[in-house]
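1. I need the structure of the sequence given here:
(4 chains)
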Number of protein chains: 4
Amino acid sequence: MIIVTKKGVTQDQLDHIRERIESLGLRTHMSRGESRTVIGCLGDESLLEHVPLLSIPGVEAVHQVLKPYKLASREFSPEPTEVPLGDTAIGGNELVVIAGPCSVEPGDMLSSTARHIRAAGARALRGGAFKPRSSPYSFQGMAEDGLKMLADVRSETGLPIVTEVMDTRQVDLVASYADVLQIGARNMQNFSLLTEVGRLRRPVLLKRGMSATLKDLLLAAEYIMSQGNSDVILCERGIRTFTTETRNTFDLAAIPVLKRETHLPVIADPSHAGGRRHLVAPLSYAAIAAGADGLIVEVHPDPETATSDGDQSLDFAEFDAFMDGLRPFVVAVKRGLAARA
Amino acid sequence: MIIVTKKGVTQDQLDHIRERIESLGLRTHMSRGESRTVIGCLGDESLLEHVPLLSIPGVEAVHQVLKPYKLASREFSPEPTEVPLGDTAIGGNELVVIAGPCSVEPGDMLSSTARHIRAAGARALRGGAFKPRSSPYSFQGMAEDGLKMLADVRSETGLPIVTEVMDTRQVDLVASYADVLQIGARNMQNFSLLTEVGRLRRPVLLKRGMSATLKDLLLAAEYIMSQGNSDVILCERGIRTFTTETRNTFDLAAIPVLKRETHLPVIADPSHAGGRRHLVAPLSYAAIAAGADGLIVEVHPDPETATSDGDQSLDFAEFDAFMDGLRPFVVAVKRGLAARA
Amino acid sequence: MIIVTKKGVTQDQLDHIRERIESLGLRTHMSRGESRTVIGCLGDESLLEHVPLLSIPGVEAVHQVLKPYKLASREFSPEPTEVPLGDTAIGGNELVVIAGPCSVEPGDMLSSTARHIRAAGARALRGGAFKPRSSPYSFQGMAEDGLKMLADVRSETGLPIVTEVMDTRQVDLVASYADVLQIGARNMQNFSLLTEVGRLRRPVLLKRGMSATLKDLLLAAEYIMSQGNSDVILCERGIRTFTTETRNTFDLAAIPVLKRETHLPVIADPSHAGGRRHLVAPLSYAAIAAGADGLIVEVHPDPETATSDGDQSLDFAEFDAFMDGLRPFVVAVKRGLAARA
Amino acid sequence: MIIVTKKGVTQDQLDHIRERIESLGLRTHMSRGESRTVIGCLGDESLLEHVPLLSIPGVEAVHQVLKPYKLASREFSPEPTEVPLGDTAIGGNELVVIAGPCSVEPGDMLSSTARHIRAAGARALRGGAFKPRSSPYSFQGMAEDGLKMLADVRSETGLPIVTEVMDTRQVDLVASYADVLQIGARNMQNFSLLTEVGRLRRPVLLKRGMSATLKDLLLAAEYIMSQGNSDVILCERGIRTFTTETRNTFDLAAIPVLKRETHLPVIADPSHAGGRRHLVAPLSYAAIAAGADGLIVEVHPDPETATSDGDQSLDFAEFDAFMDGLRPFVVAVKRGLAARA
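-> Model (predicted):
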């Protein structure tokens, strides 16, 4: 931590600041400039986290030196983490595609979608049984019935299941069905939920919140990891900005920045980022080019009748074309992609 | 709902759109312009909520006509709602000040703060026992011990208690101690939690999320209200924007816009909005001038040693000056403010 | 400037950094932490402004210590600047209201508006002769004919004129008619224009850009002041964020932050910030409460027929009520307001 | 234009709205819903642009149907525009790279950079002679001396010159040297400047403003085109959002959205978007994958000594590696790239 003092700071104030820092077990280093003094705090910076340094008389600004996340940082673990997913892993050489409907629905839709995406080269099935919807009057998902359908389709197709958990009380239930638990953007700072999934030994797909910085996202991952669960997959899905032409603003640069800062795998969700079907392909190609380890894409046999997110879902023919379209970019980044059946 | 078609839409596409809308039980009204056709959908607009209208061939844009919230809207309930709080109510003529520390801490701090703020004219005590912190390594609150301390201080001072609930599993526990349950900004779209507090008959203070539009905020209130709990207090606490000079951007205009859109009371949190002690007073004066029904302010006897948010907490002398400073503005808006003891 | 090195920085890299800084005439101060070294740069920080410090091998982060603006800072001039405006000044005790139509239009409108606002207590007339419009197909203003009308109305009413200049080639022309030159939000970083108005000895009303930080705004003021013109009035008029319920997001906290950082007067533009007529009054009351030195408000005798910004313009009766509504808040902040005629 | 009325609108208000619209030469079409009436306005929508519809009593909301830009829209010109650039064109099959230093500097730097980038496959030289700098105390560029150096280097290397114009008074001067005039992000809504370059018959590179929507950008292009100059190249260079980990937020989705909306070519500026050298390559690869027609990249032989933007400039070896790195992505999108010399 570096403390910059106000112009005209008094010697008494400087002494008080120094004593305060040193009383916490850190050492201090004073650099007197012409109008301000800079105080370096040496030692375990985390001891200063609770301390309202700006409230100490004479303090003008405080700059953090160390990163607040530890387990998630690349400095802690220089090798990339590979999170197992069925027969493959996310974070290794293969570009992994997860696909499926926004919501699980009654009938054959889920099964036919799973069979189709598997044939096209997808490696896991997504589908929501518990749905976070802005309006209480929108479809809220099929709950445990939806989880059972997901498990049935896994038995049928062998595809591992990625599904969302929204409530601490549902963590064990969802974990009893799911291969990967998804934490949605709106729950990225639901710290109770993060702690609870951290207690499992099951991979977690953590979506970036709509107004989360990358530091916030990595601290959310740290919540999970500090409970012992290090299989965290990060997901860029767009942030909220002033733009209105897309549903969210896809923060493409988050991918290379995260790949540099953390050893965790990073995937992209082009469906939510763009919000429109015709944007899924170009955003996906770009994500691969920027270094993403995978994609999670919404697919529905008849988007016009989907119970949610139909505007951004690909139909089967579009998904086939999409997967074909990915291959040249996968080649360009020298990665692999599952073959079509 | 209004549907605008693409240039060059075919008659078949128009027929398909009309059939799709009418099959859901709405009537349609076509206005053919020179290059586009506009289709008005008449009837229960909520029937269209699931329908991915943009996915229907020939559709260019969709405009919503009705507001998606009902119970929260002023059209539903033209008279302002007054939410009871101890001997007073929020949403009536009195400008209500809620004050207290960010976090409950061991020792005498809570009790002395409660006595002090009551004497200065505050009407309720705030204090967090469960704390949502960005880092898992920061102080997480005293949990039930903190709730007990709050209840003890209520017994001592008569001040009702406002405290945060973060987890669906804690709702009953927190409700057994608290007079008002607070939903923090990070949980504003934790829909399970909203639903759970909606089942109580206890007032809820709902903070606006950092990237929530006012429509999002009113839909979050609607989640609570649709469960039967209509005692919801809305709180503007700043949004996340590109600005860096304040902790958040205080969206002052949210206050008059909300007062016009909803019958629910609206308060402001100047401590989190500004993030710096010297901003608490001007932001509060402005909130009152813009029509806020109350304020929630952080106070700590020794901010320099507070376990959280010390940089934005007022000490006792500052709080006294702050309360004195409010009075002229309360007079200007022709409201009341509790007298100093 | 403070330089934080990367973990594992080598001694050669440290030596290179130190030599680079010292070669520019500054002294360095090294604080070695457990994993990183912090290098304080002492002396004239502006010498480092061109230097891409992050490009030097081994550098992780750079923190600025001194503020980049000088003439605009309160440290440079602790006393508030009062900018003369007709018989009064902005930045003194009086709360100054500037009012008038968005655009000058042919006919009697300007004259009748001027007479009306003067009678209600306004101290200057605003009105655009050159209009920055998003679309090339919108009304672009009356140009010099509009300036002449403004001057005629000044002769008639005695009200000083505030009008916008958009082009370096028009500066002398506009200055030959206007009492205050306005720089619009879209031109806040039109550095040629800032430099040109800096060469005048005429007050400048500088509006904050839609995505300008307060540092950006103060640096824009510094451009003007560094040319010798220190009569700069800053204006908060809303920033662009994700919110859609108002035209812009009124950054109320900018007012107290600016009043602390700079000696220049600060006014608010509630018309552009809110974009809707019913928001003009509450935003203005709030701005006064937060310490604004004045307001600039759009008024038109018949907003429904205004050539621009009719949705946010007050008509005469609304303006009268607005001025009456201001008085209690002006009293609350112990300032003066011109009496009604 | 579609007008939605307020709940409880009266027949008199409806009649007034209809008369107002029809008096302007449009026809109206009324759809009465249960609680609101929707009024479609048929005919030349541009006639309504000046009209403050929200100010008419009884009006709740207004939705635009037609796009406000015409010449820039793909509907106007379905075929992509190819803007000539030396021996090639932007907007055709070739992926065009423009490279060079941020600022022209005295000495050999410009010439050596031009020779190097040409050998590596760049097709035009960028370099600023007039520099828009946030601080008046930063290096402001070499002005006409810089333009002369650019022209000399063009004579030497044959590379066309891309350079910024900031001031209407400099348009003729800059045009007498430059092959492409660049309008910087801060001047994207400097409408006088847009109009002035619109009068030339010289290509214009128009950078997106930091808070500009794509509609704003296309309207800025429309300003240029409506003067007769249709050779406009659009450039995505990052927008300002709450993120802090990159200099700006690269809005990747803007590329496919613009390619769909307009026939104008679209390029990306990865240097300004990311602000850090290591982000230039991944952002560029992504831009190509998303459909960009070209890139503009900062290169400097010794970024550590560059007078501006050194932190985001590539050195020669990095640029060579960068160009090699582009090829697989250019192949993936089936475009061409100039060969290395």
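2. Is chain D within reach of the longest helix along chain A?
-> Identified as the longest helix of chain A according to DSSP state H is helix A:316-332. Yes: Helix A:316-332 reaches chain D (CB under 8 Å from any CB of the partner chain) through A:328-329, A:331-332. Glycine gets a C-beta too; all of them are placed from N, C-alpha and C.
3. Could you identify which of those has the most neighbours?
-> Of all the residues of helix A:316-332 next to chain D, residue A:329 has the most neighbours under the rule other CB atoms under 10 Å in any protein chain shown, reaching 25 neighbours.
4. List just the nearest of the residues of helix A:316-332 next to chain D to residue B:198.
-> residue A:329 (46.4 Å; CB to CB).
5. ok, now how distant is that closest one from residue A:253?
-> 18 Å (CB to CB, to the nearest Å).
6. Could you do residue A:227 as well?
-> In terms of CB to CB, residue A:227 sits 30 Å off from residue A:253.
7. what does residue A:168 give?
-> According to CB to CB, residue A:168 and residue A:253 sit 33 Å apart.
8. and what of residue A:62?
-> Relative to residue A:253, residue A:62 is positioned 27 Å away (criterion: CB to CB).
9. Compare the two and say which one has the larger neighbour count.
-> Neighbour totals were compared for residue A:62 and residue A:253, and residue A:253 leads with 29 against 19 (other CB under 10 Å).
10. quick one: that one and residue D:283 touch, right?
-> Yes: Residue A:253 is within contact range of residue D:283, at 6.1 Å (criterion: CB atoms under 8 Å).
11. intersection of neighbour lists for the two?
-> Common neighbours of residue A:253 and residue D:283, using CB atoms under 8 Å, 6 or more residues apart in numbering or on different chains, are A:290, D:250, D:273-274.
12. mind listing the strands for chain A?
-> Under the criterion DSSP state E, strands of chain A are mapped to A:2-5, A:27-32, A:37-42, A:59-63, A:83-85, A:88-90, A:96-100, A:124-126, A:161-164, A:180-183, A:204-207, A:232-236, A:266-268, A:294-298.
13. Which one, of the ones you listed, ends up nearest to chain B?
-> Ranking the strands of chain A by proximity to chain B (CB to the nearest CB) places strand A:59-63 first, at 9.2 Å.
14. Report the inter-axis angle for that closest one versus strand A:37-42.
-> For strand A:59-63 against strand A:37-42, the angle by axes from the mean of the first three to the mean of the last three CA atoms, to 10 degrees is 40 degrees.
15. Tell me the pLDDT of residue A:281.
-> What the model reports for residue A:281 is a pLDDT of 98.
16. Skip the chain neighbours and tell me the closest residue to residue A:57.
-> Nearest-residue entry for residue A:57: residue A:13, 5.3 Å, with adjacent residues in sequence omitted and distances by CB to CB, 6 or more residues apart in numbering or on different chains.
17. can you pull the contacts of the one you found?
-> The contact partners of residue A:13, taken as CB under 8 Å, 6+ apart, are A:5, A:56-58.
18. List buried residues within the residues you listed.
-> Buried by 16 or more other CB atoms under 10 Å in any protein chain shown: A:5, A:56, A:58, out of the contacts of residue A:13.
19. Just put these in a markdown table and tack on distance to residue B:299 and pLDDT.
-> Shown next, in a markdown table, are the buried ones among the contacts of residue A:13 (distance: CB to CB, whole Å; pLDDT from 0 to 100):
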| residue | distance to residue B:299 | pLDDT |
| --- | --- | --- |
| A:5 | 26 | 88 |
| A:56 | 18 | 86 |
| A:58 | 23 | 88 |
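20. hmm, back to that, taking the contacts of residue A:13 one by one, which sit in helices?
-> Among the contacts of residue A:13, no member lies in helices (by DSSP H).
21. Helices of chain A, start to end?
-> Counting by DSSP H, chain A has helices at residues A:11-23, A:109-120, A:144-157, A:171-175, A:191-198, A:214-225, A:254-261, A:270-274, A:277-289, A:316-332.
22. Whichever residue of the stretch 201-341 of chain A sits closest to chain B - how many residues pack around it?
-> In the stretch 201-341 of chain A, the residue that lies nearest chain B is residue A:310 (2.5 Å; CB to the nearest CB). With neighbours defined by other CB under 10 Å, the count for residue A:310 comes to 24.
23. quick one on the thing from earlier: just curious, which of the buried ones among the contacts of residue A:13 is nearest to residue A:217?
-> Using CB to CB, residue A:56 comes nearest to residue A:217 of the buried ones among the contacts of residue A:13, at 30.6 Å.
24. give me every residue that touches that closest one.
-> Contacts of residue A:56 (CB under 8 Å, 6+ apart): A:13, A:16-17, A:20, B:304.
25. Could you find the closest non-adjacent residue to residue A:188?
-> In space, and not counting its chain neighbours, residue A:188 is closest to residue A:209: 3.7 Å by CB to CB, 6+ apart.
26. How far off centre is stretch A:104-124?
-> Taking the mean of its C-alpha atoms, stretch A:104-124 sits 24 Å from the chain's own mean (CA atoms, centre = their mean, to the nearest Å).
27. so, in contact with chain B or not, that stretch?
-> No: using CB under 8 Å from any CB, we find that stretch A:104-124 stays clear of chain B, coming within 10.6 Å at best.
28. Ends of that stretch, what's the gap?
-> Start and end residues of stretch A:104-124 are separated by 14 Å (CA to CA, to the nearest Å).
29. What residues sit buried inside that stretch?
-> Judged by neighbour count using 16+ other CB under 10 Å, the buried positions of stretch A:104-124 are A:104-105, A:109-110, A:113-118, A:120-124.
30. again with stretch A:177-197
-> Residues A:177-197 are the ones in stretch A:177-197 that count as buried (16+ other CB under 10 Å).
31. ok, residue A:288 - contacts?
-> Residues counted as contacts of residue A:288 (CB under 8 Å, 6+ apart) are A:95, A:295, A:326, A:329-330, A:332-333, A:335, D:289.
32. do you know how far it is from chain C?
-> Per CB to the nearest CB, to the nearest Å, residue A:288 is found 28 Å from chain C.
33. repeat for residue A:15
-> Applying CB to the nearest CB to residue A:15 and chain C gives a distance of 18 Å.
34. State the number of residues packed around that residue.
-> Residue A:15 has 11 neighbours, counted by other CB under 10 Å.
35. Please apply the same query to the one 5 residues further on.
-> The local packing count at residue A:20 equals 19, with neighbours defined by other CB under 10 Å.
36. okay, residue A:64: pLDDT?
-> 79.
37. Repeat that for residue A:134.
-> With respect to pLDDT, residue A:134 scores 86.
38. isn't it right next to residue B:216, touching?
-> Yes: using CB under 8 Å, residue A:134 is in contact with residue B:216, at 6.2 Å.
39. where do the contact lists of these two overlap?
-> By CB under 8 Å, 6+ apart, the residues touching both residue A:134 and residue B:216 are residue B:189.
40. what does the domain assignment say about chain A?
-> A:2-63, A:83-332 (automatic domain parsing).
41. Please identify which of the buried residues of stretch A:104-124 is nearest to chain D.
-> The closest of those, once distances to chain D are taken by CB to the nearest CB, is residue A:121, at 17.1 Å.
42. List the contacts of that closest one.
-> Residue A:121 neighbours (CB under 8 Å, 6+ apart): A:97, A:323, A:337-341.
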